[in-house]
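In: what follows is a protein structure lacking sequence information:
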DNA sequence: CCTATATTTCGATAATTATCGAATCATTGG
DNA sequence: CCAATGATTCGATAATTATCGAAATATAGG
């Protein structure tokens, strides 16, 4: 992972509404949520939410797919894990230490069970 | 960990020079580095470096202690781990997944061995 | 094709942030 | 107490970012 990617991701998460949106998506799992649903949940105008979701997407933290008239956003767990790996890289002065482990996304079918 | 704390920490790391400084400190271990040494290493004027180190400190990501005329900065591993824990909290839609593990700081004495 | 729905883009404004030289503050040693 | 050293604060400027209404774009259904 490159420093610039990390900076963009950190910047994306360094904002009240984006952090809230990302957590919402992390909890929603791979099924994701429509842009409008996120906006409503967070009490933001659609245009503001769109701005923030675009930043999260540009930072690679979320994916988007169209589903009929809605655009569904979902957290990208791999990116999140990559971010954490970058932070802990070479941690503790090179001494062996418990490094960060990955978080596996739940597939929608499994979530439904 | 509170959302505001996380936002401040993310914002602190969302900047080229601060991210570089933090990584430097993470690698330096508990022994830390003097403000001037960090500035020199990163090729920044002292006043700019001081500005960035203050932000990292305010975000709780680094600690500072005076040692004679120098002020020594060191990474706060607990804060870093807390940040990662917050990101992975409730991840994967509540399903069991590999959550983030902690990174233990190396004590200076051990580093010296 | 027209209307309704979902979302994004535009534009203008307000607020925050980064930068660095100069001045200031704290500590040490003579 | 004075000079030297290490770091921070101040001040002014430039650049980036957040906000939200209005307009534009895409899709679906009658």
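Out: Looks like it arrived, so ask away. In this text the structure is predicted, and so the values were computed from the model without any measurement. Residues are numbered from 1 along each chain as shown, chains lettered A, B, ... in the order given.

In: now do the strand or helix carrying residue A:81 against helix B:77-88, angle only.
Out: Using DSSP states H and E, residue A:81 falls within helix A:77-88. Helix A:77-88 and helix B:77-88 meet at an angle of 180 degrees, taking axes from the mean of the first three to the mean of the last three C-alpha atoms, to 10 degrees as the criterion.

In: ok, residue A:67 - how many residues close by?
Out: Neighbour count of residue A:67, defined by other C-beta atoms under 10 Å in any protein chain shown: 9. In short, each C-beta sits where N, CA and C put it, glycine included.

In: name the nearest residue to it, ignoring sequence neighbours.
Out: Using C-beta to C-beta, 6 or more residues apart in numbering or on different chains and skipping the chain neighbours, the partner closest in space to residue A:67 is residue A:34 (7.6 Å).

In: next: residue A:18.
Out: residue A:52 (4.7 Å).

In: for the host helix or strand of that neighbour, packing partners?
Out: Element membership for residue A:52 (DSSP H and E) is helix A:46-58. Secondary-structure packing of helix A:46-58 (3 or more C-beta pairs under 8 Å, 6 or more residues apart in numbering or on different chains; DSSP states H and E): helix A:3-13, helix A:16-28, helix A:35-42, strand A:62-67, strand A:70-75.

In: point out where chain A drops to low pLDDT.
Out: A:93-102, A:105-113 (pLDDT under 70).
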